[in-house]
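Colleague: dropping the sequence and predicted coords here.
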Number of protein chains: 2
Amino acid sequence: MNRITFFLTAVLTVAGVVAFAAAESEHSDEEAAPIFGIKIPPGYRDWKLISVAHEAGNLNDFRAILGNDIAINVYREGKLPFPDGTIIARLAWSYVPSEENNNVFGRPQSFVAGAPTNLQFMVKDSKKYASTGGWGFAQFNDGKPADRAVHQTCFACHQPVEGRDFVFTRYAP
Amino acid sequence: MNRITFFLTAVLTVAGVVAFAAAESEHSDEEAAPIFGIKIPPGYRDWKLISVAHEAGNLNDFRAILGNDIAINVYREGKLPFPDGTIIARLAWSYVPSEENNNVFGRPQSFVAGAPTNLQFMVKDSKKYASTGGWGFAQFNDGKPADRAVHQTCFACHQPVEGRDFVFTRYAP
């Protein structure tokens, strides 16, 4: 190992340790979701956009689906299945009309994201979550994990899209 | 400058030149939007999410609003005005029902992003665009700039939100 290689290795190692320590201190007191043991992944709000959705009905929410870099690469290259380490984040907010935008458009037609409702994650680990298609599922309400009963429903709902590795959302170009 | 500093500078310079050359070659033959002379910013699809929206009515589209790092920092710190260099991207897709999702929910309630419709950008340059609140505006349909008449309408529509530096979208946490 020459001096430059050693220097670069040292810099990257220190950076990694600092990043890990920061992430740990930020999230160490958070609860993990039941059954799958998933915590809110640090930095998920900075991830790239996969697509958006609106669920009307009782939920009546607005959704953005983000992915870590592993997820985004799979979407862009179109090669399933998602590898271990993939995380997909589903953010949701209440679906609210925008008075301000409607005034500009001259009629009621604009809907925007209101207060956050809940947060969901799918985490791929083909060994750990072998019995649920290789995916762990987690939902958080106000930063707290939803209960066990909620988490028991996740996989069954995702089974109809087994052909897309259990992921509903398609990439919006 | 010692050897290590020189080496790192050289690496970063080469990387910068390569990135710049790649961006140029990818976009050099693209047309700029009329009036404001804006081209599609390289890498915009990787930017962080500001929020989502749905316009019903004639547009009937689904929107995601992304920002470059300068934009995102302003949103998160809450300190207006946006500085020069800010770019906000507004992606839009047709608003379509998802048969697949509706089957899972058991009733028609799910809407997702369909085909892309158009792409808009706001670029902050307080000198260049002094007469339009410091913002340049651009719209692209299928990668081609919309016509002059379209671009003449942008600023007037944004004037009602002058108090938020002419930007409609609020940050969705």
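Modeller: Arrived safely, thanks for sending.

Colleague: so, in contact with chain B or not, the lengthiest strand in chain A?
Modeller: Looking across chain A with DSSP state E, the single longest strand is strand A:110-124. Yes: with C-beta under 8 Å from any C-beta of the partner chain as the criterion, chain B is reached by strand A:110-124 at A:110, A:111, A:112, A:113, A:116. All C-beta atoms are positioned from the backbone trio N, CA, C, and that covers glycine.

Colleague: and if you look at stretch A:65-83?
Modeller: Yes: judged by C-beta under 8 Å from any C-beta, stretch A:65-83 comes into contact with chain B through residue A:66.

Colleague: and the contacts of that stretch?
Modeller: A:41, A:44-45, A:47-53, A:85-91, A:124, A:134, A:164-165, A:167, A:169, A:171, B:49 (C-beta atoms under 8 Å, 6 or more residues apart in numbering or on different chains).

Colleague: inside strands: which ones of those?
Modeller: Among the contacts of stretch A:65-83, the ones falling in strands (DSSP E) are A:48-53, A:87-91, A:124, B:49.

Colleague: got the contact list for the closest residue to residue A:152 other than its chain neighbours?
Modeller: The spatial neighbour of residue A:152 that comes closest, neighbours along the chain excluded (C-beta to C-beta, 6 or more residues apart in numbering or on different chains), is residue A:35 at 7.0 Å. Going by C-beta under 8 Å, 6+ apart, residue A:35 touches A:137, A:148, A:151, A:152.

Colleague: filter the residues you listed to the buried ones?
Modeller: Neighbour counting by 16 or more other C-beta atoms under 10 Å in any protein chain shown classes A:137, A:151 among the contacts of residue A:35 as buried.

Colleague: where do the helices of chain A begin and end?
Modeller: Here chain A has its helices, by DSSP state H, at A:3-27, A:69-77, A:99-105, A:148-158.

Colleague: dump the second one to CSV, keeping only the CA atoms.
Modeller: Extracted in CSV, the C-alpha atoms of helix A:69-77 (Å, rounded to 0.1, in the frame of the first residue of the first chain):
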residue,chain,number,x,y,z
ASP,A,69,-29.7,3.9,-4.9
ILE,A,70,-29.9,0.1,-5.1
ALA,A,71,-33.7,0.3,-5.8
ILE,A,72,-33.3,3.2,-8.3
ASN,A,73,-30.7,1.2,-10.3
VAL,A,74,-33.0,-1.8,-10.6
TYR,A,75,-35.9,0.4,-11.7
ARG,A,76,-33.8,2.1,-14.3
GLU,A,77,-32.1,-1.0,-15.6
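
Colleague: show me what counts as buried in it.
Modeller: For helix A:69-77, a neighbour-count test (16+ other C-beta under 10 Å) marks A:70, A:71, A:72, A:74, A:75 as buried.

Colleague: and which of the residues you listed is nearest residue A:141?
Modeller: Lowest distance from residue A:141 to these (C-beta to C-beta) belongs to residue A:71, with 23.1 Å.

Colleague: for that closest one, give its distance to chain B.
Modeller: Per C-beta to the nearest C-beta, to the nearest Å, residue A:71 is found 13 Å from chain B.

Colleague: okay, that residue: pLDDT?
Modeller: With respect to pLDDT, residue A:71 scores 98.

Colleague: same question for the one 3 residues further on.
Modeller: Here the pLDDT value assigned to residue A:74 is 98.

Colleague: highest neighbour count among the residues of strand A:110-124 next to chain B?
Modeller: Neighbour counts for those (other C-beta atoms under 10 Å in any protein chain shown) peak at residue A:113, which has 30 neighbours.

Colleague: look up which residues are beta-bridged to it.
Modeller: Here residue A:113 sits in beta bridges with residue A:95, going by DSSP bridges.

Colleague: now it: how far from residue A:79?
Modeller: 32 Å (C-beta to C-beta, to the nearest Å).

Colleague: any chance of the ones in strands among the contacts of stretch A:65-83 in TSV with pLDDT, neighbour count and distance to residue B:104 as columns?
Modeller: TSV is the format used below for these (pLDDT from 0 to 100; neighbours: other C-beta atoms under 10 Å in any protein chain shown; distance: C-beta to C-beta, whole Å):
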residue	pLDDT	neighbour count	distance to residue B:104
A:48	98	19	25
A:49	98	23	22
A:50	98	22	18
A:51	98	22	16
A:52	98	28	18
A:53	97	22	13
A:87	98	21	22
A:88	98	26	16
A:89	98	22	19
A:90	98	19	14
A:91	98	24	19
A:124	98	24	20
B:49	98	23	25
